[in-house]
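Visitor: Following is a predicted model, sequence given first.
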Amino acid sequence: MKVINKMTKWLSSNKFRILIIFLAICIAGGISIYKTRGTKLLNRELFSDFSSSIEEVCEPEAGGFADQRALMDFIEKWADDNSIEYIEDESGNIIFDKPAVGRKANVTPTLVAVSMNYETAGDNPRILASAAAVAASDVESGRRTVVFFNDEQGLAKGYKGLDKSYLSSKSKVIYLDKGSSNYISTGSFQQRYSEVDVPAEREENPCDSAVKVRITGIKSGVIGTGINKQPDPISALSSLLTRLKSKSTECRLSEVSIGNNGDMYPVSLEATITLNSYNLASFTGYIDKRIKAWEKAYLEDHPDLEYSYEVIEDPAALPETAYSAETLDKLTGVLYTIKSGAYRYSDGDALPEGKEAGDVYGINCTTGLTAEDDHIRLRIITQGVNDSFTDRMFNDNKVASELYGCGYEAKGEVKAFENTRNSLAHTFNKTYEKVNDSTALDSFLEYQTDNFFTPCSYLAAKNGKADIIHVRTKASNAANITNSILCYIKAKGNTSIFG
């Protein structure tokens, strides 16, 4: 009997404990469900559909967007089809601006920025989809502005022309783009513009044959650390001229045209080089080797690339005039000495915090060549971490120009971006951690300083008090980043949302 009584008391006691545990599990499950519902804000179907539609347009057989207007029309039609209000400003920006909901009238405004460039849209469909998803969301928030900035040819027309009313001193600004890793940055390079002026004169062509060289089908891109992997038509011209000079070949440059593409990489070359027929076989043999080297290095990423040449031996078809030997020597020397590429820290440099020898401190890129009868001008963009390192590259360019009797002139500068605040960067990173799987490889965003120029410089110039960050994401992680942006703007003014 005593045993039975003890057993009854034990069961009664444990039933109570079991009930408490069960209730705790239910409450925890309810909280978990609430959190899940509160942090899964991205409309993934809309995100995927927008991204897929961009990809379809940019398939090789579809041909991509014909021009900037075509991309703008695509985005505006999407907005019209989804009944989302927007404006197109005088600078070609597409702006989605939603006022704060009543209870969040005093919450700091958020601006999400992406670059809109028809040439790179096929490389960045998920970034454009991120902006579209944030613009379309019905998440309650403070003032929320999404801007597709007109960045045709990388000229930043939209950034420079944005009305300052969209950026207040309290604004939280997220500039979003795609890269090979995920990170947050609050600093990026300065950018300077300069020009080399090669004095030129033309004379009667002394040679009895010519070779016309063409390079087409190069996909342009925004200047960055991948510059050494980019096919460079100006470098190709330099190689041809240097080869002839090294062989002491009697030659002239009759015509040269580079496909300049604004502040992006150049896209084509057409040059006519005259020489005597007894040097033709050697020169065309060298070109054949260059063609094979280019195809091996670049054809996979640039499927439309064509590097070809045509031999001209008919006296009637030969150029009558060409640039003088002195002009050719100056141009060849400058092209050979002023290299497009990335500059890296050496062991003897005063390294900034977080940097080490081998990291990129600057980028030098010849973006254009314009040939006239009396001048040949080279346009150069130089990016650097600060004045000291940018001056180093700038002075290298100047010395090379003067060495060959050419002029060198600064044409403008955009200051480096540096945000000394940590509020937005810290809060966004915490949001990202909370709303993503903590066991996932990409659950944490590293803090880095960009080793290239970003449009954040233009945004900071609009209002130096705005809190601006650059969020770079891999394409595979763009949905997580977008969801985190939505969670961030929803949580502002209600920080308990994530528990």
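Guide: In hand now; what should we look at?
Visitor: alpha carbons only for contacts and neighbour counts from here, please
Guide: Fine.
Visitor: before we move on, what SS does the closest residue to residue 42 other than its chain neighbours have?
Guide: Leaving aside its sequence neighbours, residue 42 sits nearest to residue 483 (CA to CA, 6 or more residues apart in numbering; 4.9 Å). With DSSP: H, G, I helix; E, B strand; the rest coil as the basis, residue 483 sits in helix.
Visitor: Start the count at 16 instead of 1 going forward.
Guide: Right, with 16 as the first residue, what we last looked at is residue 498.
Visitor: Near residue 498, how many other residues are there?
Guide: Neighbours of residue 498 under the rule other CA atoms under 10 Å: 23.
Visitor: hang on, it packs against residue 56?
Guide: Yes: Residue 498 is within contact range of residue 56, at 5.9 Å (criterion: CA atoms under 8 Å).
Visitor: how does the protein divide up, domain by domain?
Guide: 59-204+433-513, 206-430 (automatic domain parsing).
Visitor: And the strands in the stretch 166-315 of the chain?
Guide: Taking DSSP state E, counting those that start in this stretch to define them, one finds strands in the stretch 166-315 of the chain at 187-193, 198-200, 202-203, 205-214, 217-219, 224-231, 266-273, 284-290.
Visitor: got those strands as CSV, with distance to residue 407, mean pLDDT and mean neighbour count columns?
Guide: Shown next, in CSV, are those (distance: least, CA to CA, whole Å; pLDDT from 0 to 100; neighbours: other CA atoms under 10 Å):
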stretch, distance to residue 407, mean pLDDT, mean neighbour count
strand 187-193, 29, 98, 22
strand 198-200, 25, 97, 21
strand 202-203, 18, 98, 25
strand 205-214, 12, 98, 21
strand 217-219, 34, 98, 15
strand 224-231, 32, 98, 20
strand 266-273, 27, 98, 22
strand 284-290, 29, 98, 22
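Visitor: Of all these, which one is nearest residue 340?
Guide: Comparing these against residue 340 with CA to CA, the closest turns out to be strand 266-273 (6.5 Å).
Visitor: Report the angle between the closest one and strand 224-231.
Guide: Counting by axes from the mean of the first three to the mean of the last three CA atoms, to 10 degrees, strand 266-273 lies at 20 degrees to strand 224-231.
Visitor: How about the secondary structure of the closest residue to residue 175 other than its chain neighbours?
Guide: Leaving aside its sequence neighbours, residue 175 sits nearest to residue 473 (CA to CA, 6+ apart; 6.4 Å). Secondary structure state of residue 473, per three-state DSSP, is helix.
Visitor: any idea how far residue 473 is from residue 428?
Guide: In this view, residue 473 and residue 428 are 11 Å apart by CA to CA, to the nearest Å.
Visitor: of those two, who's got more company?
Guide: Counted by other CA under 10 Å, residue 473 and residue 428 do not tie: residue 473 has more neighbours, with 19 against 14.
Visitor: pLDDT score for the more buried one?
Guide: On pLDDT, residue 473 comes in at 98.
Visitor: re earlier: any idea of the pLDDT on the residue nearest to residue 57?
Guide: Here the pLDDT value assigned to residue 498 is 96.
Visitor: Help me confirm that the residue nearest to residue 175 comes into contact with residue 176.
Guide: No: with contact defined as CA under 8 Å, residue 473 and residue 176 do not form a contacting pair (9.7 Å).
Visitor: For this protein, give me the ranges with low pLDDT.
Guide: 16-54, 452-458, 508-514 (pLDDT under 70).
Visitor: Determine the longest strand present in it.
Guide: Of all segments of type strand in the chain, defined using DSSP state E, the longest is strand 375-386.
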